[in-house]
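> coords please:
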Amino acid sequence: MKQSVFTVLENRSLAASVFRMRLRGCTEEIRQPGQFVNLSLPGFFLRRPISVCDMEDDVLTLIYKTVGHGTEYLSALSPGSTLDVLTGLGNGYDLSRAGARPLLLGGGVGVPPLFLLARRLLARGADVHAVLGFNSAADVFYEAEFRALGCTVTVTTADGSRGIHGFVTDALPQDRTFFYACGPEPMLKSVCSRTEIPGQLSLERRMGCGFGACMGCSCRTVSGFKRICREGPVLDKEEIQWEG
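Numbers count the residues shown, from 1 in each chain. Modelled structure (predicted):
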(Lines give C-alpha, C1' and ligand atoms only; values in the text may rest on other atoms or scores of the structure.)
Protein backbone atom coordinates (compact mmCIF):
# COMPACT_ATOMS: atom_id res chain seq x y z
CA MET A 1 0.00 0.00 0.00
CA LYS A 2 1.26 3.46 -0.91
CA GLN A 3 -0.17 6.94 -0.33
CA SER A 4 0.49 9.35 -3.19
CA VAL A 5 -0.79 12.54 -4.76
CA PHE A 6 -2.24 12.06 -8.25
CA THR A 7 -3.07 14.76 -10.80
CA VAL A 8 -6.30 14.55 -12.80
CA LEU A 9 -5.63 14.38 -16.56
CA GLU A 10 -9.19 13.67 -17.74
CA ASN A 11 -12.61 13.38 -16.15
CA ARG A 12 -15.49 12.88 -18.56
CA SER A 13 -18.87 11.21 -18.89
CA LEU A 14 -19.05 7.83 -20.64
CA ALA A 15 -22.70 6.88 -20.13
CA ALA A 16 -25.64 7.65 -17.84
CA SER A 17 -24.04 8.67 -14.49
CA VAL A 18 -20.78 6.90 -15.44
CA PHE A 19 -17.47 8.78 -15.65
CA ARG A 20 -13.91 7.98 -16.66
CA MET A 21 -11.05 9.63 -14.81
CA ARG A 22 -7.42 9.42 -15.83
CA LEU A 23 -4.78 10.44 -13.30
CA ARG A 24 -1.00 10.67 -13.24
CA GLY A 25 0.97 9.54 -10.22
CA CYS A 26 2.94 6.67 -8.68
CA THR A 27 1.40 3.35 -9.78
CA GLU A 28 4.21 1.02 -8.67
CA GLU A 29 2.09 -0.67 -5.95
CA ILE A 30 -0.61 -1.74 -8.44
CA ARG A 31 0.48 -5.19 -9.55
CA GLN A 32 -2.63 -7.20 -10.45
CA PRO A 33 -5.86 -6.61 -12.36
CA GLY A 34 -8.68 -6.53 -9.82
CA GLN A 35 -6.95 -4.38 -7.21
CA PHE A 36 -8.48 -1.07 -6.15
CA VAL A 37 -7.51 2.38 -4.95
CA ASN A 38 -8.95 4.54 -2.16
CA LEU A 39 -9.53 8.23 -2.83
CA SER A 40 -9.56 10.91 -0.14
CA LEU A 41 -12.07 13.67 -0.96
CA PRO A 42 -11.90 17.02 0.87
CA GLY A 43 -14.82 17.40 3.25
CA PHE A 44 -15.68 13.69 3.33
CA PHE A 45 -14.70 11.49 6.27
CA LEU A 46 -14.36 8.13 4.49
CA ARG A 47 -12.25 7.45 1.42
CA ARG A 48 -13.97 6.18 -1.75
CA PRO A 49 -12.80 2.76 -3.03
CA ILE A 50 -12.71 2.46 -6.83
CA SER A 51 -11.43 -0.48 -8.87
CA VAL A 52 -8.55 -0.02 -11.29
CA CYS A 53 -9.75 -0.07 -14.89
CA ASP A 54 -6.40 0.34 -16.60
CA MET A 55 -2.81 1.36 -15.94
CA GLU A 56 0.04 2.28 -18.27
CA ASP A 57 3.28 3.57 -16.80
CA ASP A 58 2.28 6.37 -14.41
CA VAL A 59 -1.25 6.89 -15.79
CA LEU A 60 -4.16 5.32 -13.92
CA THR A 61 -7.67 4.95 -15.37
CA LEU A 62 -10.69 4.75 -13.08
CA ILE A 63 -14.35 4.38 -14.07
CA TYR A 64 -16.99 5.23 -11.48
CA LYS A 65 -20.71 5.86 -11.16
CA THR A 66 -22.18 8.87 -9.39
CA VAL A 67 -24.30 7.41 -6.58
CA GLY A 68 -23.91 9.99 -3.79
CA HIS A 69 -22.35 13.27 -2.73
CA GLY A 70 -18.80 11.88 -2.78
CA THR A 71 -18.86 10.63 -6.36
CA GLU A 72 -20.78 13.76 -7.43
CA TYR A 73 -17.89 15.79 -6.01
CA LEU A 74 -15.47 13.54 -7.91
CA SER A 75 -17.33 14.03 -11.19
CA ALA A 76 -16.91 17.81 -10.92
CA LEU A 77 -13.11 17.75 -10.70
CA SER A 78 -11.27 19.38 -13.60
CA PRO A 79 -7.94 18.43 -15.18
CA GLY A 80 -5.12 19.74 -13.02
CA SER A 81 -6.92 18.93 -9.76
CA THR A 82 -5.07 16.69 -7.31
CA LEU A 83 -6.23 13.75 -5.20
CA ASP A 84 -4.73 11.88 -2.25
CA VAL A 85 -4.78 8.22 -3.33
CA LEU A 86 -3.99 4.95 -1.57
CA THR A 87 -2.82 2.42 -4.17
CA GLY A 88 -2.08 -1.30 -4.22
CA LEU A 89 -5.11 -2.29 -2.13
CA GLY A 90 -6.69 -5.75 -2.13
CA ASN A 91 -5.70 -8.83 -4.06
CA GLY A 92 -6.30 -9.32 -7.76
CA TYR A 93 -7.26 -11.95 -10.29
CA ASP A 94 -4.98 -14.97 -10.76
CA LEU A 95 -4.05 -14.98 -14.45
CA SER A 96 -2.27 -18.33 -14.21
CA ARG A 97 -5.62 -20.14 -13.88
CA ALA A 98 -7.17 -18.69 -17.04
CA GLY A 99 -6.44 -21.52 -19.44
CA ALA A 100 -6.66 -20.95 -23.18
CA ARG A 101 -10.24 -19.58 -23.34
CA PRO A 102 -11.11 -17.43 -20.32
CA LEU A 103 -14.53 -15.83 -19.90
CA LEU A 104 -14.98 -12.33 -18.45
CA LEU A 105 -18.36 -11.41 -16.96
CA GLY A 106 -19.06 -7.82 -15.97
CA GLY A 107 -22.23 -6.17 -14.73
CA GLY A 108 -22.53 -2.37 -14.84
CA VAL A 109 -19.68 -0.74 -12.93
CA GLY A 110 -18.31 -4.25 -12.46
CA VAL A 111 -17.04 -3.99 -16.05
CA PRO A 112 -14.02 -1.65 -15.48
CA PRO A 113 -11.65 -3.99 -13.55
CA LEU A 114 -12.06 -6.58 -16.32
CA PHE A 115 -10.45 -4.28 -18.88
CA LEU A 116 -6.91 -4.44 -17.50
CA LEU A 117 -7.47 -8.15 -16.91
CA ALA A 118 -8.46 -8.64 -20.56
CA ARG A 119 -5.40 -6.75 -21.75
CA ARG A 120 -3.07 -8.87 -19.62
CA LEU A 121 -4.74 -12.14 -20.66
CA LEU A 122 -4.56 -11.26 -24.36
CA ALA A 123 -0.86 -10.45 -23.95
CA ARG A 124 -0.43 -14.04 -22.70
CA GLY A 125 -2.07 -15.40 -25.87
CA ALA A 126 -5.50 -16.21 -24.42
CA ASP A 127 -8.73 -16.22 -26.46
CA VAL A 128 -10.82 -13.84 -24.33
CA HIS A 129 -14.63 -13.63 -24.45
CA ALA A 130 -16.15 -10.74 -22.50
CA VAL A 131 -19.87 -10.65 -21.66
CA LEU A 132 -20.86 -7.16 -20.51
CA GLY A 133 -24.25 -6.62 -18.86
CA PHE A 134 -26.16 -3.35 -18.44
CA ASN A 135 -29.69 -2.17 -17.66
CA SER A 136 -30.24 -0.42 -21.00
CA ALA A 137 -28.48 0.90 -24.10
CA ALA A 138 -27.97 4.26 -22.36
CA ASP A 139 -25.84 2.53 -19.73
CA VAL A 140 -23.47 0.70 -22.10
CA PHE A 141 -19.81 1.71 -22.00
CA TYR A 142 -16.44 0.27 -23.06
CA GLU A 143 -17.90 -2.20 -25.58
CA ALA A 144 -15.74 -0.71 -28.34
CA GLU A 145 -12.67 -0.60 -26.09
CA PHE A 146 -12.90 -4.33 -25.30
CA ARG A 147 -13.32 -5.10 -29.02
CA ALA A 148 -10.32 -2.92 -29.87
CA LEU A 149 -8.20 -4.97 -27.48
CA GLY A 150 -9.08 -8.12 -29.44
CA CYS A 151 -11.78 -9.65 -27.23
CA THR A 152 -14.91 -11.38 -28.47
CA VAL A 153 -17.63 -9.21 -26.91
CA THR A 154 -21.27 -9.92 -26.09
CA VAL A 155 -23.50 -7.19 -24.65
CA THR A 156 -26.69 -7.87 -22.71
CA THR A 157 -29.29 -5.38 -21.50
CA ALA A 158 -32.08 -6.02 -19.01
CA ASP A 159 -34.60 -4.13 -21.16
CA GLY A 160 -33.44 -5.55 -24.50
CA SER A 161 -32.54 -2.15 -25.96
CA ARG A 162 -29.02 -3.32 -26.92
CA GLY A 163 -27.53 -6.75 -27.59
CA ILE A 164 -29.08 -9.80 -25.98
CA HIS A 165 -32.26 -9.23 -23.97
CA GLY A 166 -31.49 -10.38 -20.43
CA PHE A 167 -28.56 -10.70 -18.06
CA VAL A 168 -24.99 -11.96 -18.40
CA THR A 169 -26.23 -15.39 -17.30
CA ASP A 170 -28.43 -15.48 -20.42
CA ALA A 171 -25.34 -15.29 -22.63
CA LEU A 172 -22.92 -17.73 -21.02
CA PRO A 173 -20.78 -19.50 -23.66
CA GLN A 174 -20.18 -23.18 -22.98
CA ASP A 175 -16.64 -23.57 -24.34
CA ARG A 176 -14.67 -21.56 -21.78
CA THR A 177 -11.90 -22.80 -19.49
CA PHE A 178 -12.22 -20.40 -16.53
CA PHE A 179 -14.29 -17.34 -15.65
CA TYR A 180 -13.58 -14.00 -14.00
CA ALA A 181 -16.55 -11.93 -12.83
CA CYS A 182 -17.31 -8.58 -11.23
CA GLY A 183 -20.70 -7.02 -10.60
CA PRO A 184 -23.65 -6.90 -8.22
CA GLU A 185 -23.81 -9.77 -5.73
CA PRO A 186 -27.08 -11.24 -7.14
CA MET A 187 -25.36 -11.46 -10.54
CA LEU A 188 -22.31 -13.18 -9.07
CA LYS A 189 -24.45 -15.66 -7.14
CA SER A 190 -26.44 -16.46 -10.29
CA VAL A 191 -23.26 -16.94 -12.33
CA CYS A 192 -21.96 -19.47 -9.80
CA SER A 193 -25.21 -21.45 -9.98
CA ARG A 194 -25.35 -21.39 -13.80
CA THR A 195 -21.86 -22.56 -14.75
CA GLU A 196 -19.77 -25.52 -13.65
CA ILE A 197 -16.42 -24.14 -14.75
CA PRO A 198 -14.14 -22.77 -12.01
CA GLY A 199 -13.78 -19.05 -11.57
CA GLN A 200 -12.97 -16.02 -9.48
CA LEU A 201 -15.32 -13.26 -8.34
CA SER A 202 -14.66 -9.68 -7.29
CA LEU A 203 -17.06 -8.79 -4.47
CA GLU A 204 -18.31 -5.39 -3.38
CA ARG A 205 -18.80 -4.27 0.23
CA ARG A 206 -19.06 -0.93 2.01
CA MET A 207 -15.56 -0.22 3.31
CA GLY A 208 -14.57 1.88 6.29
CA CYS A 209 -10.79 1.85 5.98
CA GLY A 210 -9.97 -0.09 2.81
CA PHE A 211 -6.93 -1.93 4.20
CA GLY A 212 -8.21 -4.44 6.75
CA ALA A 213 -8.22 -2.55 10.05
CA CYS A 214 -11.94 -2.03 10.71
CA MET A 215 -13.29 -5.51 9.71
CA GLY A 216 -16.43 -3.82 8.35
CA CYS A 217 -16.38 -5.48 4.93
CA SER A 218 -16.10 -9.12 6.02
CA CYS A 219 -17.61 -11.94 3.95
CA ARG A 220 -18.39 -15.51 5.06
CA THR A 221 -16.30 -18.20 3.33
CA VAL A 222 -15.73 -21.93 3.83
CA SER A 223 -12.58 -21.08 5.82
CA GLY A 224 -14.17 -18.39 7.97
CA PHE A 225 -14.71 -14.67 7.52
CA LYS A 226 -12.49 -12.79 5.07
CA ARG A 227 -12.10 -9.05 4.65
CA ILE A 228 -13.07 -7.97 1.14
CA CYS A 229 -10.60 -5.09 1.25
CA ARG A 230 -7.69 -7.27 2.38
CA GLU A 231 -8.14 -10.97 1.50
CA GLY A 232 -10.44 -9.88 -1.34
CA PRO A 233 -11.97 -8.32 -3.29
CA VAL A 234 -11.20 -11.34 -5.49
CA LEU A 235 -12.23 -14.72 -4.07
CA ASP A 236 -12.51 -18.17 -5.63
CA LYS A 237 -15.99 -19.31 -6.62
CA GLU A 238 -15.70 -22.44 -4.48
CA GLU A 239 -14.91 -20.65 -1.20
CA ILE A 240 -17.84 -18.23 -0.98
CA GLN A 241 -20.78 -19.06 1.29
CA TRP A 242 -23.72 -17.15 -0.14
CA GLU A 243 -26.26 -15.70 2.25
CA GLY A 244 -29.99 -15.85 1.65
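> every contact and neighbour count from this point should use C-alpha atoms.
OK.
> mind listing the helices for this protein?
Applying DSSP state H to the chain gives helices spanning 69-75, 113-123, 143-149, 185-194.
> buried sites along the last one?
Under the neighbour-count criterion of 16 or more other C-alpha atoms under 10 Å, helix 185-194 has Glu185, Met187, Leu188, Lys189, Val191, Cys192 buried.
> so what does the residue sitting furthest away from the middle of the chain have for phi and psi?
Most distant from the centre of the chain: Gly43, at 26.0 Å, with distances by C-alpha atoms, centre = their mean. The phi and psi values for Gly43, taken as degrees, to the nearest 10, are phi 90, psi 0.
> cool, Gly34 as well?
Phi and psi for Gly34, reported as degrees, to the nearest 10, are phi 110, psi -10.
> apart from its chain neighbours, what residue comes closest to it?
Leaving aside its sequence neighbours, Gly34 sits nearest to Gly92 (C-alpha to C-alpha, 6 or more residues apart in numbering; 4.2 Å).
> tally up the residues packed near that neighbour, please.
24 (other C-alpha atoms under 10 Å).
> isn't it right next to Gln32, touching?
Yes: here Gly92 reaches Gln32: they are 5.0 Å apart, a contact under C-alpha atoms under 8 Å.
> for the nearest residue to Val153 once chain neighbours are set aside, give its distance to Gly108.
Spatial nearest neighbour of Val153, chain neighbours left out: Ala130 (4.9 Å); criterion: C-alpha to C-alpha, 6+ apart. To Gly108, Ala130 is 13 Å away according to C-alpha to C-alpha, to the nearest Å.
> those two: who's more crowded?
With neighbours defined as other C-alpha under 10 Å, Ala130 and Gly108 compare such that Ala130 has more, 28 against 20.
> pLDDT at the closest residue to Arg119 other than its chain neighbours, what is it?
Among residues not flanking Arg119 along the chain, Leu149 sits closest, at 6.6 Å (C-alpha to C-alpha, 6+ apart). Each residue has a pLDDT score; the one for Leu149 is 98.
> now swap in Arg230 and tell me
80.
> hang on, it packs against Gly90?
Yes: between Arg230 and Gly90 there is a contact at 4.9 Å, judged by C-alpha under 8 Å.
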